[in-house]
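> Below are the sequence and a predicted model for it; my questions follow.
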Amino acid sequence: MSKGLFEIPGLSTKEQDLALLKKSKTRAKATATTKSSGGSIVNKINTLVAMVETHLGQFADETLIIQDEQTLHDYIDKCIANGIYGIDTETTGLDPLVDELVGVGIYTPGEKTTYIPVNHISYVTGQKVKNQLSADIIGKELARLEGIDCDMFNAVFDIRVLMHGTSTRLKCTWDASLASRCLNENEPVKKLKPLHKKYVLRGEDDVFSFSELFDNPKIFQKLPIRTAALYAAHDPKITWEYAEYQRNIFKTKENLKDVYWVFKNIEMLCVDAVVDLENTGVAFDLQYNEELKKKYHALLDEKEANFHKLCEMYSAEIEDYRVNPIPHTKKVKGKDVKYTITLDNPINIQSVPQLQALLYDIAKIPPTIDKKTKKESFSTSEEVLQKLKNPLADAILEYRSFSTLVSTFIDKLPECINKDDGRIHCKFNQYGADTGRFSSSDPNLQNIPSHNKDIRKMFVATPGYIMMSADYSQQEVKGMAQMCGDEGMIEAFRQGKDFYAEIASVAFGYPYEECLEFRPDGTTNPDGKARRAQAKSILLGINYGRGAASIAEQVGCTKKEAERIKDDVFRGFPAIAEFERQSFEMAETLGYVTTLWGRKRRFPSMLLPDYEFEYIESPDNLDPLDMDDVEQEVPEKVMQKYTNRLKNAWDAKKRAAIFADAKSEGIKIIDHTRDKDYTKIVNARIQGTAADMSKLAMIELNKNERLKELGFRMLIPIHDEILAECPEENAAEVIPLFAKIMSEAPGERFIVPISCDVEVTHRWYGKKYKLENGKLVEEKE
DNA sequence: CAGCTATGCGCC
DNA sequence: AAAGGGCGCATAGCTG
């Protein structure tokens, strides 16, 4: 059977198909317009029915379609008796608050797998088809599953869909998607079916795999129930099978004990918090947004006009360029490709190539030297443009400073408002980053500008509520001190000292007071400020894996000096150097590093040798007795020779020459040194430990009964900060409790003292309030 | 048309 | 020897 047979635009109801999200938005419109135009949807459905019947019809006997209350009740009984079930939902789209629940699949081992149609409609009449259980009954039955182990894949989505569709909130005990991240955050396969195929079926072909090609979520609802069931009832079953596979891995591998702890006690407990976060959303001030729109569009137009006015200085050259563009070459897949730049009229200020032509070809600005490649750079990045000190470059910078704000935030955010409650409900991917951090999307609420004071003010507290922002002060540095276990560093925090000043004091040999930015009388101390800044950038540099040159640039000193400063810090705090060394060693010997709580970040390439040597083909010196397909090993001496030469050659050209030498000797050298990225190792531990801590806080905040009673709800977690709100009248009790729970959440394992600042406002970055005798009072500036 | 990469930039 | 860690998203421009 050829794959081509299945390449029919069809349907997808799979929430985990994140890649389809963007598509579905535009395609939904396309479908809506073609729907009335006639036959295409009927054809599609007929084709799908036939396809599913042909390939999945054989599973009809193993599939139970539940359309009456008694059958559902009996099946739930079986789930309860078994103590475990897998569950999966089918919907009309990817937004649980907007899209509809179409059907539910449930599976419990030893029984048939099931499909419960909820909201199928006739593609002819558009009416709901008969013999579907009501949301009430399904909700009532699902509620009986409380306390039973539950497997899901992307639990947050299914829980929210079922809340919206049946008013019953399930508790997931095993999210196979999160388990997959814990077991291997580098896993490239993200979706359930391919994961099941890869690990449970071990790559064997799977008759269900064609369903990945279904790509229109709106069609599923219109399929005949039998067709939908044949397709959908498979999912809860493979969810359970894949979860079983994962449970077995966790059970049999001793070195996954800590990761299992993280999975069960951090990740799985976070699910509930994320469900609430996404359901809650955040209030948005549309009126204020309109004001900003006017203001910023006017500014943007002004900046663009200013740019074009400056371009007029070169109008003759620009005209000439349009007729005779200067040819350029660029590398495409390693090959040099010639191209010319076509200038729009007027020049498109948003086009990088057009700006390059304008600045470097037309205005003849000498290119800067790229620090990294040491070559001429025709970049139009902010960093480069600033150095040019050119009016055109400045005009572009001014335009850009507004264009991102306008397109990504001011214009985009209001489009994200949910029509029912007027709030923005983004998605939070709780294991979005490989380090364990959250990420946010659709829209991303973790990158709302903070430098610009206008944008965040569009986010407001619910009427009658106040907004609170609590942040862990110096979370990552404290994580570093904790991981280093250095008494001196920890003591600095215990005494409430300015940490970087203390580091500078010990490392550079000055009194603590001489390393502070301000003197006791409030005047600035330039020397103290510089020392503190140096210590700070060394510590941050260690966290970010920065080299001396990069630090030197930031501090404004020579590379030599930067190296000396780093040595001073390492000498003053040997624990830091030791932590770095141990982390590298851990990565090199185990292939992964761990956080304070045992989360892993794997770096498999660290286990490889720097170089591998093999003969390209039969070398002259082959032993004739050893000919039968046995790989001839390159002698140790030869390998040593090349390894030594490569050790002293970091220039790309020199290295290429060495590889060429080896090739002429019939030896192929595989270079793994490029895959070994030491810059990520320390950071993975620090950032990951901080992420663990923040998640523990979210768990505690979310489950705290008192906070619940007081109407406290989280809005946006931003790595080391949590934005939340509560009814104004409860502020006096909530605010200190908020800070207390945040500070205590990490528990005894984290011995560095933790403190949290809570800021109280009515809108994000708005006027601050403080508590005075249990009342909120506006803070004076 | 959708899908991809490159470039650039917002946040912690 | 040197190396800026972790995200998501907008736009341009090319490709199938």
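On my side now, so go ahead. Residues are numbered from 1 along each chain as shown, chains lettered A, B, ... in the order given.

> per-residue pLDDT, the spatially most central residue of chain A?
Central residue check for chain A by CA atoms, centre = their mean: the C-alpha nearest the mean position is that of A:Gly432, 3.3 Å away. Predicted confidence (pLDDT) for A:Gly432: 95.

> is it true that it touches A:Asn444?
No: between A:Gly432 and A:Asn444 no contact is recorded; they are 10.1 Å apart, counting by CB atoms under 8 Å. Heads up, the C-betas are built off the backbone N, CA and C, glycines and all.

> tell me the contacts of the residue of the stretch 551-700 of chain A at minimum distance from DNA strand B?
Relative to DNA strand B, the nearest point of the stretch 551-700 of chain A is A:Gln687 (7.6 Å; CB to the nearest atom of the strand). Applying CB atoms under 8 Å, 6 or more residues apart in numbering to A:Gln687 gives the contacts A:Ala433, A:Thr435, A:Gly436, A:Arg437, A:Glu476, A:Asn543.

> Recalculate using a threshold of 7 Å.
A:Thr435, A:Arg437, A:Glu476 (CB atoms under 7 Å, 6 or more residues apart in numbering).

> so which of these would you say is closest to A:Leu94?
Proximity of the contacts of A:Gln687 to A:Leu94 (CB to CB) peaks at A:Arg437, which lies at 22.4 Å.

> Leaving out chain neighbours, which residue sits closest to the closest one?
Residue nearest to A:Arg437 in three dimensions, not counting chain neighbours: A:Ala691, with 4.4 Å by CB to CB, 6 or more residues apart in numbering.

> Neighbours of A:Ile318, how many?
Neighbour count of A:Ile318, defined by other CB atoms under 10 Å: 19.

> so it makes contact with A:Ile362?
Yes: in this structure, A:Ile318 is within contact of A:Ile362 by CB atoms under 7 Å, at 6.1 Å.

> Quick check: closest non-adjacent residue to the residue in the stretch 101-250 of chain A that DNA strand C sits nearest to.
Closest residue of the stretch 101-250 of chain A to DNA strand C, CB to the nearest atom of the strand: A:Glu185 (7.9 Å). Among residues not flanking A:Glu185 along the chain, A:Asp434 sits closest, at 4.4 Å (CB to CB, 6+ apart).

> mind checking the SS state of that neighbour?
coil (DSSP: H, G, I helix; E, B strand; the rest coil).

> ok so, going back, the helix or strand containing the residue nearest to A:Arg437 vs DNA strand C: in contact?
Here A:Ala691, judged by DSSP states H and E, is contained in helix A:679-703. Yes: on the criterion CB under 7 Å from any atom of the strand, helix A:679-703 is in touch with DNA strand C at A:Thr679, A:Lys680, A:Asn683, A:Ala684, A:Gln687.

> Let's see if you can find the most crowded of these.
With neighbours set by other CB under 10 Å, the maximum within the residues of helix A:679-703 next to DNA strand C is found at A:Ala684, which has 27 neighbours.

> Low-confidence ranges, the stretch 501-650 of chain A, go.
Across the stretch 501-650 of chain A, the ranges flagged by pLDDT under 70 are A:617-631.

> Tally up the residues packed near the residue in chain A that DNA strand C sits nearest to, please.
Nearest residue of chain A to DNA strand C, counting by CB to the nearest atom of the strand: A:Gly547, 2.7 Å away. Look at A:Gly547: counted by other CB under 10 Å, it has 13 neighbours.

> Would you mind measuring from it to A:Ala562?
Look at A:Gly547 and A:Ala562: by CB to CB, to the nearest Å, they are 9 Å apart.

> Bridging across strands, which residues link to A:Ser440?
Beta-bridge partners of A:Ser440, counted by DSSP bridges, are A:Phe428.

> quick one: contacts for it?
A:Ser440 touches A:Cys426, A:Lys427, A:Phe428, A:Gln446, counting by CB under 7 Å, 6+ apart.

> if you set the cut-off to 6 Å instead, what comes out?
Counting by CB atoms under 6 Å, 6 or more residues apart in numbering, A:Ser440 makes contact with A:Cys426, A:Phe428, A:Gln446.

> which ones among these come in contact with DNA strand B?
Checked against DNA strand B using CB under 7 Å from any atom of the strand, the contacts of A:Ser440 yield the following neighbours: A:Gln446.

> Now tabulate the contacts of A:Ser440 in CSV and tack on neighbour count.
Below are the contacts of A:Ser440 laid out as CSV (neighbours: other CB atoms under 10 Å):
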residue, neighbour count
A:Cys426, 18
A:Phe428, 24
A:Gln446, 18
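
> Quick one: end-to-end length of stretch A:740-753, please.
Using CA to CA, to the nearest Å, the end-to-end distance of stretch A:740-753 comes to 12 Å.

> How about it, which residues are buried there?
Within stretch A:740-753, the residues that qualify as buried are A:Ile741, A:Met742, A:Ala745, A:Pro746, A:Phe750, A:Val752, counting by 16 or more other CB atoms under 10 Å.

> Stretch A:407-420 now?
Those would be A:Thr408, A:Phe409, A:Ile410, A:Leu413, A:Pro414, A:Ile417, for stretch A:407-420 by 16+ other CB under 10 Å.

> Equivalent analysis for stretch A:79-89, please.
In stretch A:79-89, counting by 16+ other CB under 10 Å, buried: A:Cys79, A:Ile80, A:Ile84, A:Tyr85, A:Gly86, A:Ile87, A:Asp88, A:Thr89.

> now stretch A:288-298
A:Asn289, A:Leu292, A:Tyr296.

> quick one: which of these is nearest DNA strand B?
A:Tyr296 (12.6 Å).

> Confirm for me that that closest one is in contact with A:Ile410.
Yes: A:Tyr296 lies in contact with A:Ile410 (CB atoms under 6 Å); the separation is 5.4 Å.
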